[in-house]
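> Quick one: sequence plus predicted model below, questions after.
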Amino acid sequence: MDLSAISPAERAVFGFGSLLFVNGFVPWWYRIQTVSHTYRHNAGLGGWSLLAVLAGFVAAVAVMMRRRPARGPWPDWLFYIALGVIAFIALAIQSRETQSEWIGYWLALTTSVLMVLAGVRRNAERRGGWV
């Protein structure tokens with residue numbers, strides 16, 4: 001794969017999607033304290049957080065599998081924005097259900113917002129001349 005053909009915004013989408021995916025396996029998403037022990041869980045605690053992790057994986061794979069020139073029913077930037085919004089909404093729904101978020105959850109929420117912003121930046125790049 002020719003990495004020079006990937007725009008800076010696509011590199012950001014790849015980085016944020018990869019971070020969201022890897023973050024899902026680290027047991028620092030949810031912290032549940034009991035009298036005798038503190039339990040830490042990864043994204044597997046809830047189904048909605050797994051959807052956010054899957055959206056990050058799909059975004060990272062979509063950047064790496066993209067061919068030039070882009071032809072398809074959806075522009076690439078809109079696809080990246082949609083995946084970021086899906087991740088954000090899934091995390092917001094999960095937050096209403098668990099209420100024991102910890103560092104990894106907040107990192108995932110921030111990463112999903114940054115993925116949306118990278119998709120918006122990709123749209124500006126396409127208008128500015130990046131293929």
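Perfect, I can see it now. Numbers count the residues shown, from 1 in each chain.
> ok, now how distant is Phe25 from Leu19?
Using C-beta to C-beta, to the nearest Å, Phe25 is found at 12 Å from Leu19. Every residue, glycine included, has its C-beta placed from N, CA and C.
> Those two: who's more crowded?
The residue with more neighbours, out of Phe25 and Leu19, is Leu19; 18 against 12, by other C-beta atoms under 10 Å.
> Could you list the buried residues of the longest helix seen in the chain?
Using DSSP state H to define each element, the chain has its longest helix at helix 103-128. Residues 104-105, 107-109, 111-112, 114-119, 121-123, 125-126 are the ones in helix 103-128 that count as buried (16 or more other C-beta atoms under 10 Å).
> Skipping its backbone neighbours, what lies nearest the residue sitting nearest the centre point of the chain in space?
By C-alpha atoms, centre = their mean, the chain has its centre lying nearest to Gly56, at 3.4 Å. Excluding its sequence neighbours, the residue lying closest to Gly56 (C-beta to C-beta, 6 or more residues apart in numbering) is Leu20, at 2.8 Å.
> Which phi and psi values does that neighbour adopt?
Backbone geometry at Leu20, expressed as degrees, to the nearest 10, gives phi -60, psi -40.
> check contacts around it.
Contact analysis of Leu20 by C-beta atoms under 8 Å, 6 or more residues apart in numbering lists Ala52, Val53, Ala55, Gly56, Phe57, Ala59, Ala87, Ala108, Thr111, Ser112, Met115.
> Find out how far the strand or helix carrying the fourth one is from the centre of the chain, if you would.
Assessed by DSSP states H and E, Gly56 sits inside helix 47-65. Using C-alpha atoms, centre = their mean, to the nearest Å, the distance from the centre of helix 47-65 to the centre of the chain it belongs to is 6 Å.
> Give me the residues contacting that helix.
Outside helix 47-65, the residues that touch it by C-beta under 8 Å, 6+ apart are 1, 6, 10-11, 13-14, 16-21, 23-24, 29, 43-44, 76, 79-80, 83-84, 86-88, 90-91, 93-94, 97, 105, 108, 111-112, 115.
> List the buried residues of it.
48-60, 62-63.
> can I have it written out in PDB, keeping just the CAs?
The C-alpha trace of helix 47-65 is given here as PDB (Å, rounded to 0.1, in the frame of the first residue of the first chain):
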ATOM      1  CA  GLY A  47     -23.100  -4.500  23.900                       C
ATOM      2  CA  TRP A  48     -23.200  -0.800  23.000                       C
ATOM      3  CA  SER A  49     -19.500  -0.300  23.800                       C
ATOM      4  CA  LEU A  50     -18.700  -3.200  21.600                       C
ATOM      5  CA  LEU A  51     -20.500  -1.500  18.700                       C
ATOM      6  CA  ALA A  52     -18.300   1.600  19.300                       C
ATOM      7  CA  VAL A  53     -15.100  -0.600  19.200                       C
ATOM      8  CA  LEU A  54     -16.400  -2.300  16.000                       C
ATOM      9  CA  ALA A  55     -17.000   1.100  14.400                       C
ATOM     10  CA  GLY A  56     -13.400   2.000  15.100                       C
ATOM     11  CA  PHE A  57     -12.200  -1.200  13.600                       C
ATOM     12  CA  VAL A  58     -14.300  -0.600  10.400                       C
ATOM     13  CA  ALA A  59     -12.900   2.900  10.100                       C
ATOM     14  CA  ALA A  60      -9.300   1.800  10.300                       C
ATOM     15  CA  VAL A  61      -9.900  -1.000   7.800                       C
ATOM     16  CA  ALA A  62     -11.800   1.300   5.500                       C
ATOM     17  CA  VAL A  63      -8.800   3.700   5.300                       C
ATOM     18  CA  MET A  64      -6.400   0.900   4.600                       C
ATOM     19  CA  MET A  65      -8.600  -0.900   2.000                       C
END
